[in-house]
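Colleague: Sequence and computational prediction follow.
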Amino acid sequence: VEYWNPTFEKMFRYSSPGAQEKKTPGDLVPEKFREPFEAAYRAFRETATETAPPRVVELNAIRGDGTEFPIEITFNPILIEGEFWASAIIRNVTDRKRVEEEHALNERRLAALLELNQVSAASIHDLALFAMEEAVKLTGSSIGYIAFANEDETVLTMYAWSKGAMAECAVDNKPLIYPV
């Protein structure tokens, strides 16, 4: 790396002296991404031409404090004294990734609701089990249960356990009523 601007230093949380210690683009990515990143960069340099379109790569980068964050790098070839170099534009795509994840979660929620709507002939128990298993998946949980509290909230009666809860607990003759 020959030059980076103050925005880079802010994004990567480097002070100017700390930033100048990093000399290769590979130093800016976590170890698990280093070889693929460096291979992609070598391929870019070997195939670069004056008319080549920019190449865009998405991966995680590593800040000066060691935290990872998702970035998008656009490499543009630049011919300097007969050798191709890369001008890189780096974007922090944390917000975009978060929005994409929210969108994907909303798509899964909608699919679950549509499937639930199409199961009109199922019993209430089967509908409750389906809703619980979908809730477990949508929340990223490993277990779930449906329970009802009595009117004065002193007793909790278990109605259903998720498959994950049953596998993890593996309790014979599990109690159904729990004093609170």
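Modeller: Alright, I've got the coordinates. All figures in this text were calculated on a predicted structure; none of them were measured in a lab. Residues are numbered from 1 along each chain as shown.
Colleague: So which elements touch the strand of greatest length in the chain?
Modeller: Identified as the longest strand of the chain according to DSSP state E is strand 68-80. Contacts defined by 3 or more Cβ pairs under 8 Å, 6 or more residues apart in numbering; DSSP states H and E place strand 68-80 against helix 31-47, strand 55-62, strand 83-92, helix 94-117. In this view, the C-beta of every residue, glycine as well, is placed from N, C-alpha and C.
Colleague: now these as a markdown table including mean pLDDT?
Modeller: Shown next, in a markdown table, are the helices and strands packed on strand 68-80 (pLDDT from 0 to 100):
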| stretch | mean pLDDT |
| --- | --- |
| helix 31-47 | 82 |
| strand 55-62 | 88 |
| strand 83-92 | 86 |
| helix 94-117 | 92 |
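Colleague: Kindly compare burial across these and name the winner.
Modeller: strand 55-62 (a mean of 16; mean count of other Cβ atoms under 10 Å).
Colleague: Dump the helices and strands packed on strand 68-80 into a markdown table; add distance to residue 149 as well.
Modeller: As requested, the helices and strands packed on strand 68-80 are exported to a markdown table (distance: least, Cβ to Cβ, whole Å):
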| stretch | distance to residue 149 |
| --- | --- |
| helix 31-47 | 46 |
| strand 55-62 | 44 |
| strand 83-92 | 45 |
| helix 94-117 | 24 |
